[in-house]
Every structure is written in structure tokens, then in C-alpha cells.
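Engineer: Provide a 3D model corresponding to the input given below.
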Amino acid sequence: MAYSPDYRAYPSAAGAPAATAALDAGLRAYMLRVYNWMTSGLALTGIVAYAVANTSLRDLFYQRVVTPAGYGWQPTLLGLVSIFAPLVFVMVLSFGVNRLSRSTAQALYWAFAAAMGASLSNIFLMYTGASIGRVFFITAGTFAAMSIFGYTTRTDLTRFGSFLFMGLIGIVLASIVNIFLGSTGLQFAISIIGVLVFTGLTAYDTQRIKSDYVRYAYADGTDGAAKRSVFDALSLYLNFINLFMLLLQLFGNRSSNN
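Structural biologist: The predicted model follows:
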């Protein structure tokens with residue numbers, strides 16, 4: 001089934017090549033804004049994560065403990081709060097996007113990116129810096145390729161949405177179960193399936209963002225488009241972060257200091 005937004009569906013653009021060209025230019029500018037939000041959020045997350053793990057802030061979030069396998073790191077009360085804080089921000093942004101002001105939505109996005117950085121700071125304690133960097137570039141390359149595919153393909157990816165969503169729910173449930181089982185085999189399977197799901201979601205969400213812009217370009221207005229770009233950036237950001245963490249579990253090298 002071919003996928004191609006029908007610009008003729010919008011009366012203001014019908015029969016007007018100049019209007020169609022303006023819509024195309026607006027779409028490119030909007031996608032650039034979304035990617036700028038996403039990459040700047042990722043940058044803030046990385047900076048906060050590194051700072052928490054490698055400065056005196058670490059003592060506020062983690063404490064050194066002795067385990068049967070050797071030394072390890074255990075989150076403090078603040079560390080536990082930081083783990084669940086990003087979920088709260090995601091829920092507020094997702095369910096309140098239509099009621100939040102533009103400035104509030106943007107502020108919440110920055111707060112979310114910083115909270116995510118604090119929650120992910122343990123990767124610098126668990127994995128070597130070299131493997132974190134290597135997996136990051138693998139993730140960036142995979143994400144870029146799938147996002148370009150989602151933007152340029154004429155195949156309608158919406159038909160895969162239900163399968164991807166079911167896969168996502170399955171990953172979440174299996175991860176919860178494995179907290180109690182502690183099975184390395186199940187964790188490996190979760191990581192493999194998760195990589196496939198979030199790779200697919202990257203292409204799916206990119207096409208959805210493009211399609212939604214074409215659908216709502218004349219209805220959102222400047223303020224609505226600004227808020228929508230934050231929400232769309234959040235979707236791509238979460239895909240990137242989850243893909244990165246799953247690949248890190250597969251290919252990351254454990255730190256000898258752990």
C-alpha cells in the first residue's frame with residue numbers, strides 16, 4: 001500500500017503550486033525543529049548523567065556497597081526518586097499537551113531531559129566509557145537510517161503500529177517479570193526484541209510526525225505547532241534512549257570498577 005500525503009485534501013493548497021511549496025518548506029522547517037529539540041534534549045541528558053556519575057553529586061544518588069559478587073553501587077532515596085521521575089514528566093507532557101502553555105511544555109521537556117540524565121547516570125558506573133561511546137554512535141546511526149526511511153518511504157507504516165505497540169507492551173511486562181526472575185536468557189530476548197521494536201517505532205513515529213504536520217498545518221497555528229514539536233521530539237527522544245539502553249545491554253562492556 002503506497003503512502004503519500006495528498007496535498008489536494010487541503011483546500012487552501014488545492015491547485016496552488018506556491019501553497020504546496022510553502023507546505024513543503026514548512027514541513028522541512030518543522031522537522032528540523034523537532035530534531036533540534038530531540039538532540040538538545042539528548043545533549044542535556046548526557047551532560048547531567050556524566051556530571052552525576054563523575055562528580056561529588058554521585059554521593060547524593062548512589063552509595064558504594066559490598067555484594068556477594070564484589071563491590072557495586074546502590075541508589076539512595078534520591079537515586080530511587082530520579083529513576084521514576086522521568087515517567088511523571090512523560091505522563092504530564094503526554095496527557096497535558098493540549099492544556100499546557102507553550103513555555104510550560106518547553107520547560108517540562110527540559111526538566112524531563114535533566115531528570116532522565118540523573119536516572120541514567122548509573123550507566124557510567126556500570127559500563128566502560130569506550131563502550132558507551134561506541135554504542136551511542138551505533139544507536140545514532142541506526143536511528144538516523146530508520147528516521148530517514150520513515151520520512152522518505154511511500155509505504156504506509158501505520159499498519160505496523162498495532163504490532164509495534166503490542167511488542168512494546170510485551171517488553172514492559174517481560175521486563176517487570178524478569179525483575180523477580182533475574183533470568184539472563186530472558187533479558188537477552190527482551191533486548192533483541194526491544195531493539196527491533198524501537199527501530200520500527202523510529203520509522204513509524206517519523207512518518208506519523210510528517211503526516212500529522214500535513215494534516216494539521218493549517219489548524220495548529222504558530223503556538224500549537226510549537227507545542228506539538230515538543231511532543232513529537234519527546235516521542236523520538238524516547239525511541240532513541242530506549243534503543244540506546246537495549247543496545248548497551250547487548251554490546252556494552254562492564255566496568256572493572258563495578
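Engineer: Name the SS class of Ala100, please.
Structural biologist: Actually, residue 100 is Leu. It isn't Ala. coil (DSSP: H, G, I helix; E, B strand; the rest coil).
Engineer: Over to it: give its phi and psi.
Structural biologist: Main-chain dihedrals, Leu100, degrees, to the nearest 10: phi -80, psi 150.
Engineer: who's in contact with it?
Structural biologist: For Leu100, the contacting residues are 93, 108, 227, by Cβ atoms under 8 Å, 6 or more residues apart in numbering. Just so you know, the C-beta spots here come from the backbone N, C-alpha and C atoms, and that holds for glycine as well.
Engineer: Check the gap between it and Ala107 for me.
Structural biologist: 9 Å (Cβ to Cβ, to the nearest Å).
Engineer: swap in Ser162?
Structural biologist: Taking Cβ to Cβ, one finds Ser162 at 34 Å from Ala107.
Engineer: the more surrounded of these two?
Structural biologist: The neighbour comparison of Ser162 against Ala107 (other Cβ atoms under 10 Å) goes to Ala107, with 13 against 9.
Engineer: Am I right that the more buried one falls within a helix?
Structural biologist: Yes - assessed with three-state DSSP, Ala107 lies in a helix.
Engineer: Contacts for the helix or strand bottoming out on mean pLDDT in the chain next, please.
Structural biologist: The weakest-scoring helix or strand in the chain, judged by mean pLDDT, DSSP states H and E, is strand 70-75 (a mean of 76). For strand 70-75, the external contacting residues (Cβ under 8 Å, 6+ apart) are 61-66, 82-83, 122, 125-126, 257-258.
Engineer: Repeat the analysis, applying 10 Å as the threshold.
Structural biologist: 53, 58, 61-67, 79-83, 119, 121-122, 125-126, 256-258 (Cβ atoms under 10 Å, 6 or more residues apart in numbering).
Engineer: How about stretch 160-170?
Structural biologist: Counting by Cβ under 10 Å, 6+ apart, residues outside stretch 160-170 touching it are 157, 190, 193-194, 196-201, 203-205, 207-208, 242.
Engineer: Identify the farthest-apart pair in those.
Structural biologist: Farthest apart among those by Cβ to Cβ are Ile190 and Gln207. That separation is 25.8 Å.
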